[in-house]
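**Student:** Give me a model of this one.
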Amino acid sequence: MKLQYVENYDKKPAVEGKLLTLACTARGSSNMSFKWYKDGYLVNVSVSDRNAWEVRIPRTMNDKQMSVLNIDGVTVYDKGKYILCTFIRGVRK
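**Tutor:** Model (predicted):
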């Protein structure tokens, strides 16, 4: 499996109070899963009290898959290093 790239769709720094969208595209197995981390800690949008959500786009052209992390109403507490890990059958990439 090959991780392609991480892209900030806004093409500019995050602005406090606005929407931040981060996306990552990977090529690999159809049973690939994605997990976002911020400063080494798992970003779990399902238990967040904030307006944050993740969208997974399965298999696109060229056998790619995409994960998109959205955080609406960005605050200073959202500042940090975001990474996306891909997993396939228990193997972390």
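
**Student:** show me where pLDDT drops low in the protein?
**Tutor:** Scanning the chain for pLDDT under 70 picks out 1-11, 60-61, 89-93.

**Student:** Do a quick rundown of the strands in this protein.
**Tutor:** Here the chain has its strands, by DSSP state E, at 2-8, 20-27, 33-38, 41-42, 52-57, 64-71, 82-88, 91-92.

**Student:** List the strands paired with the third one, with their directions.
**Tutor:** Strands flanking strand 33-38 in the sheet, each with its direction: strand 41-42 (antiparallel), strand 82-88 (antiparallel) (DSSP bridges).

**Student:** now swap in the second one and tell me
**Tutor:** Strand 20-27 has its sheet partners listed here by DSSP bridges as strand 2-8 (antiparallel), strand 64-71 (antiparallel).

**Student:** do the same with the fifth one
**Tutor:** When pairing is defined by DSSP bridges, strand 52-57 lines up against strand 64-71 (antiparallel).

**Student:** Other residues contacting the partner strand?
**Tutor:** 4, 19-28, 32, 34, 36, 43, 45, 50-60, 78, 82, 84 (CB atoms under 8 Å, 6 or more residues apart in numbering). (C-beta placed from N, C-alpha, C; glycine too.)

**Student:** filter these to the buried ones?
**Tutor:** Listed as buried from those are 20, 22-28, 32, 34, 36, 43, 52, 54, 82, 84; burial here means 16 or more other CB atoms under 10 Å.
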